[in-house]
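Enquirer: sequence first, predicted coordinates after that:
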2 protein chains.
Amino acid sequence: MPHILLIDDDNKLTTPLRTSFERAGYNVSVAADGHTGLSKALVESPDVIVLDVMMPGLDGWKVCQAIRERSPVPIIMLTALDDSSDRIRGLELGADDYLVKPFSFQELNAHIKAMLRRVQLTAQPSTPHLLRSGDIELNLQTRELRQAGKLIPLRQKEYDILLLLMSNSERVVRRDELFDRVWGTDWLGDTRTLDVHMSWLRTKLENDPTHPVYLQTVRGVGYHFAAKVETEYV
Amino acid sequence: MPHILLIDDDNKLTTPLRTSFERAGYNVSVAADGHTGLSKALVESPDVIVLDVMMPGLDGWKVCQAIRERSPVPIIMLTALDDSSDRIRGLELGADDYLVKPFSFQELNAHIKAMLRRVQLTAQPSTPHLLRSGDIELNLQTRELRQAGKLIPLRQKEYDILLLLMSNSERVVRRDELFDRVWGTDWLGDTRTLDVHMSWLRTKLENDPTHPVYLQTVRGVGYHFAAKVETEYV
DNA sequence: CAAGAATCTGACGCAGTCTTCATGTGAAGG
DNA sequence: CCTTCACATGAAGACTGCGTCAGATTCTTG
């Protein structure tokens, strides 16, 4: 159950928010002024803080800054006026997001969910980085190609080409696109060089290079990695 | 140098943004349609994606969803109309943030900085104390390298390089990244400095420096610490 | 300040990689 | 059935990036 800390002196706002969030399954605590907010932020270590800018005493800006100096907890600021410099200021002081009043519960909730998801996604070392198709496995981190676990060394261009084709396996990649993305836009050389690299790739990963299963040529258009590719997060 | 991917068909917008961001020290790439955007998102693995909703063909919603299914990369959406349900929809589909057009460069930049900071803050909550791989042990507190318990004195740069490689053992570390992180600023001269240090490191920790087991070079890319590294927090 | 350590530089060689060229093959269309 | 076109492939040579070395330069420390 995620824990939200609301810091706002206006209980006309915090009371209904508290009930709504509790109903939505959150654990909510409220602080009615900056000092309490700051101390609760550090003591309770909530998953996300919703912080109003306009408060008597220690205002939201100062609270934001003070929290950020001491804790990495995500902060969503609430501002009354929709002023660009205000928003920038909040972000510069360490806020992660802001919302302009008035806002709906749904909207704040969406922001909070997005923030929790971001923390979740970032916290796990999950990086998007294995393309798999059958017994073929391309590791984007180490640039290693494995077939049935066996390492197949790839050269730079071969890797670049294979990566482009595998990550676009649902369509045909045009020749000029390959040149663009692998060689760079300002390529003036011989156009046969792509075929040569394709040929090498085929000898490396096709059982019968003369009858390719994966690396299909589409005459007049380009090449197509003709198998389903799954993306895995290692 | 953080890498931003702009996905937008309107080059009246992307061209000035690209220059501004490049001037601000980012590495920028642009995709003018949804398909290219999706593919670049996976291939280039940018640090943050700025994605316009309004695009012909594969629209921003679909691109957002497709990226989020495959990658945890942060996404900032650009919407034309300031409509609450639009914004909620974006967040629900996996976006992290949104910005309503028109916006200033400063504002987008503030959002991007906030997003990068968030990822940074979340990613490294605690610092490891010891990196171990086989009989090799790198102590981050004392900056000592031990192999089978025996102390191998490392010089400053050697330590920095080895640390970077060992703490990224799951991937290849690019040469320019090494220059960036070990020497500071991006390297301009064309010298063999890095190779020399790698050579020294190899003579220190490889049994057969001509056939390295740990410190693999990946031609045209960089170096890879090719062994499992365990992290210990003391 | 001097000695020694650490680091950088540039030349050179080599192995691996890429491009080019020449020629072969199969597909499409008259 | 023949021509044309696009791609395949083998071989050769050009090119490139990396490793190494020797000497220069900078940094540390007594």
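Expert: Arrived safely. The structure presented is a predicted model; accordingly, all values stated were derived computationally and were not measured. Residues are numbered from 1 along each chain as shown, chains lettered A, B, ... in the order given.
Enquirer: please count neighbours and contacts with C-alpha atoms only from this point.
Expert: OK.
Enquirer: ok, the spatially closest residue to residue A:54 that is not a sequence neighbour - how many residues close by?
Expert: Take residue A:54 and drop its neighbours on the chain: the residue closest to it by C-alpha to C-alpha, 6 or more residues apart in numbering or on different chains is residue A:60, 6.2 Å away. Residues lying near residue A:60 (other C-alpha atoms under 10 Å in any protein chain shown) number 24.
Enquirer: contacting residues around residue A:60?
Expert: A:34, A:51, A:52, A:53, A:54, A:77 (C-alpha atoms under 8 Å, 6 or more residues apart in numbering or on different chains).
Enquirer: what backbone torsions are found at the second one?
Expert: In terms of degrees, to the nearest 10, the main-chain angles of residue A:51 are phi -130, psi 120.
Enquirer: follow-up on the earlier one: of the contacts of residue A:60, which belong to strands?
Expert: Residues of the contacts of residue A:60 located in strands (DSSP state E): A:51, A:52, A:77.
Enquirer: between the residues you listed, which sits nearest DNA strand D?
Expert: For those, the residue nearest DNA strand D by C-alpha to the nearest atom of the strand is residue A:77; the value is 44.4 Å.
Enquirer: wait, that closest one touches residue A:95, no?
Expert: Yes - counting by C-alpha atoms under 8 Å, residue A:95 is a contact partner of residue A:77 at 6.6 Å.
Enquirer: looking at these two, which is more packed in?
Expert: Remark: of residue A:77 and residue A:95, residue A:95 carries more neighbours, 29 against 23, as counted by other C-alpha under 10 Å.
Enquirer: Serialize the contacts of residue A:60 to CSV and add fields for distance to DNA strand C and pLDDT.
Expert: As requested, those are exported to CSV (distance: C-alpha to the nearest atom of the strand, whole Å; pLDDT from 0 to 100):
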residue, distance to DNA strand C, pLDDT
A:34, 48, 92
A:51, 46, 96
A:52, 48, 94
A:53, 47, 91
A:54, 51, 88
A:77, 44, 95
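Enquirer: any part of stretch A:160-174 near chain B?
Expert: Yes - interface with chain B: stretch A:160-174 contributes A:163, A:164, A:167, A:168 (C-alpha under 8 Å from any C-alpha of the partner chain).
Enquirer: the third one: neighbouring residues, count only.
Expert: Residues lying near residue A:167 (other C-alpha under 10 Å) number 19.
Enquirer: so who does it touch?
Expert: A:131, A:229, B:39, B:42, B:43.
Enquirer: now the last one
Expert: For residue A:168, the set of contacting residues under the criterion of C-alpha under 8 Å, 6+ apart consists of A:225, B:39.
Enquirer: between the lengthiest helix in chain A and helix B:105-123, how many degrees?
Expert: Looking across chain A with DSSP state H, the single longest helix is helix A:105-123. Between helix A:105-123 and helix B:105-123, the angle comes out at 60 degrees (axes from the mean of the first three to the mean of the last three C-alpha atoms, to 10 degrees).
Enquirer: adjacent strands (with direction) for the helix or strand that comes right after helix A:105-123?
Expert: Remark: after helix A:105-123, the chain's next helix or strand is strand A:130-133, criterion DSSP states H and E. For strand A:130-133, the paired strands and their directions (DSSP bridges) are strand A:136-139 (antiparallel), strand A:230-232 (antiparallel).
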